[in-house]
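**Q** What follows is a protein structure lacking sequence information:
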Ligand code: PAF
């Protein structure tokens, strides 16, 4: 695996290939990232991963400074997974001056759910992804479905800017108890780690209720929020949305959407100081 830190060297190296496939990451890689790399590998003639902790998508009080930087371990894992090129630019390389031009995603998609609780997050994500796309020039780019809204926002961005890139989602990988793999799971204490599975269990309970005929979405959401709060969590949202636009479904449509795989349950909640997100398609 070739490790490249500058835009010019990356462009030079990739000029020999026609079909780069690309998995952008912020490092601190886990099996979910590596599964994306393996999924991407056969889809082109060179598999590129990036590691860049993107300041633009962190709020001032968030964990930009403490976000784990584990380049050496990440390199070993990527090489084993079959990555051909790792692009790991410094902040000065990617943002040599303050990034004045930015991508602002539409409010109806980006200001709800994660965007509501993390204002500016999707603008930061879209800006860096657009820049990475311009640098790497991928034909195919893969993002984990765990960040469900992020995947949708990026798909829309690519469509609206007519970028010649196929954006694909990779399945969420889970620990044996069902906790979705995430770099932020490393922040959990042993007790919090045991408790953390309750977020996915809460979503599963909501899915079971929908399949059993519950159509009162507001009541279902309130009940799920209440149950997590009672265990000491601080939930931001546990919600039933339509898969295609992440809007709340009309109660009249809930039964048919459940029957036709049209819904997704999304949750974000804090256990201790760690904010976890998860989702479940129904
Ligand atoms: O999902 C992530 O790790 C980040 O949001 C991404 C897509 C690499 C952009 O910084």
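**A** Okay, I see it. Bear in mind the structure is a predicted one, so any value in this text is a computation, not a measurement.
**Q** per-residue confidence at residue 9?
**A** In this model, residue 9 is scored at 98, pLDDT.
**Q** measure it to residue 86 for me?
**A** According to C-beta to C-beta, to the nearest Å, residue 9 and residue 86 sit 12 Å apart. All C-beta spots, glycine's among them, are computed from the backbone N, C-alpha and C.
**Q** Counting neighbours, go ahead and name the busier of these two.
**A** Neighbour tally, residue 9 and residue 86, criterion other C-beta atoms under 10 Å: the higher count belongs to residue 86, 23 against 12.
**Q** what about that one, distance to the ligand?
**A** 13 Å (C-beta to the nearest ligand atom, to the nearest Å).
**Q** for that residue, what are its contacts?
**A** 1-4, 48-51, 74-75, 78 (C-beta atoms under 8 Å, 6 or more residues apart in numbering).
**Q** As a markdown table, those with secondary structure would be great.
**A** Output for the contacts of residue 86, formatted as a markdown table (DSSP: H, G, I helix; E, B strand; the rest coil):
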| residue | secondary structure |
| --- | --- |
| 1 | coil |
| 2 | strand |
| 3 | strand |
| 4 | strand |
| 48 | strand |
| 49 | strand |
| 50 | strand |
| 51 | strand |
| 74 | helix |
| 75 | helix |
| 78 | helix |
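**Q** ok, of these, which come out buried?
**A** Using 16 or more other C-beta atoms under 10 Å as the burial test, these include 4, 48-51, 74-75, 78 as buried.
**Q** Tell me the one among those residues nearest to residue 271.
**A** The nearest member of the buried ones among the contacts of residue 86 to residue 271, counting by C-beta to C-beta, is residue 74 at 25.5 Å.
**Q** just checking, that closest one touches residue 50?
**A** No. Counting by C-beta atoms under 8 Å, residue 74 does not reach residue 50; the two are 10.9 Å apart.
**Q** Figure out the helix or strand that the residue of the stretch 151-282 of the chain found nearest the ligand lives in.
**A** Closest residue of the stretch 151-282 of the chain to the ligand, C-beta to the nearest ligand atom: residue 154 (7.4 Å). Per DSSP states H and E, residue 154 falls inside helix 148-160.
**Q** Please apply the same query to residue 127.
**A** Going by DSSP H and E, residue 127 is in helix 121-136.
**Q** Any residue of that helix touching the ligand?
**A** Yes. Using C-beta under 6 Å from any ligand atom, helix 121-136 comes into contact with the ligand via 125, 128-129.
**Q** Tell me what angle the helix or strand just after that helix forms with helix 121-136.
**A** Where DSSP H and E defines the elements, the next helix or strand beyond helix 121-136 is strand 140-144. Inter-element angle recorded for strand 140-144 and helix 121-136: 150 degrees (by axes from the mean of the first three to the mean of the last three C-alpha atoms, to 10 degrees).
**Q** Strand 140-144 pairs with which strands?
**A** Looking at strand 140-144 with DSSP bridges, its partner strands are strand 20-25 (parallel), strand 166-170 (parallel).
**Q** ok so, going back, so what does the helix holding residue 154 touch, helix or strand wise?
**A** With contacts defined as 3 or more C-beta pairs under 8 Å, 6 or more residues apart in numbering; DSSP states H and E, helix 148-160 has these neighbours: helix 107-110, helix 114-117, helix 121-136, strand 140-144, strand 166-170, strand 263-271.
**Q** Quick one: residues in contact with it.
**A** Under the criterion C-beta under 8 Å, 6+ apart, residues 103, 105-106, 109-110, 113-115, 122, 125-126, 129-130, 133, 141, 143-145, 163, 165, 167, 169, 246, 264, 266, 279 lie in contact with helix 148-160.
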